[in-house]
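Mind looking at a prediction? Sequence and model below.
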Amino acid sequence: MDVKDLSGLSLEELTEKEKQLRQELFNFRFQLGIGRLENPMQVRSTKRDIARLKTVRRQLELLQTQADPSVGK
């Protein structure tokens, strides 16, 4: 997942994408626990994707707050 792809999404879409990634991470961790995960690097990759998504979402929130200071109060 690329930051350029994420920056084009709205806050609602980012939230939905985060839910999907968290579910995927849960599934990967479950598979890792029972020894059925073929590529353990998928856990690391998914965690990093979630972090990227949260960073982009926070940037959008800060931009909206700067545009309209009354929103943050």
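Received, thanks. On a predicted model such as this, the values are computed, not experimentally measured, just so you know.

which residues are contacting stretch 36-48?
The contact list for stretch 36-48, computed with C-beta atoms under 8 Å, 6 or more residues apart in numbering, reads 21, 24-25, 28-29, 31-32. Placement of C-beta: from N, CA and C, glycine included.

Tell me the buried residues within these.
Members of these that pass the buried threshold by neighbour count (16 or more other C-beta atoms under 10 Å) are listed as 21, 24-25, 28.

ok, so of those residues, who is nearest residue 9?
For those, the residue nearest residue 9 by C-beta to C-beta is residue 21; the value is 12.7 Å.

what's the distance between the closest residue to that closest one other than its chain neighbours and residue 70?
Distances taken as C-beta to C-beta, 6 or more residues apart in numbering put residue 50 closest to residue 21, at 5.0 Å, once the chain neighbours are dropped. When distances are taken as C-beta to C-beta, to the nearest Å, residue 50 and residue 70 turn out to be 30 Å apart.

For the longest helix seen in the chain, buried residues please.
Longest helix of the chain, by residue count under DSSP state H: helix 41-67. When burial is assessed from 16+ other C-beta under 10 Å, helix 41-67 yields the following buried residues: 42-43, 46, 49-50, 52-53, 56-57, 60.

got TSV for those residues, with distance to residue 2 and pLDDT too?
Conversion of the buried residues of helix 41-67 to TSV gives the following (distance: C-beta to C-beta, whole Å; pLDDT from 0 to 100):
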residue	distance to residue 2	pLDDT
42	17	96
43	19	96
46	15	97
49	10	96
50	14	97
52	8	96
53	11	96
56	10	95
57	15	94
60	16	92
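
how many neighbours does the closest residue in space to residue 55 that isn't next to it in sequence have?
Among residues not flanking residue 55 along the chain, residue 3 sits closest, at 7.8 Å (C-beta to C-beta, 6+ apart). Residue 3 has 11 neighbours, counted by other C-beta atoms under 10 Å.

quick one: low-confidence parts of the chain?
By pLDDT under 70, the low-scoring segments of the chain are 71-73.

check contacts around residue 28.
Listed by C-beta under 8 Å, 6+ apart, the contact partners of residue 28 are 37, 42-43, 46.
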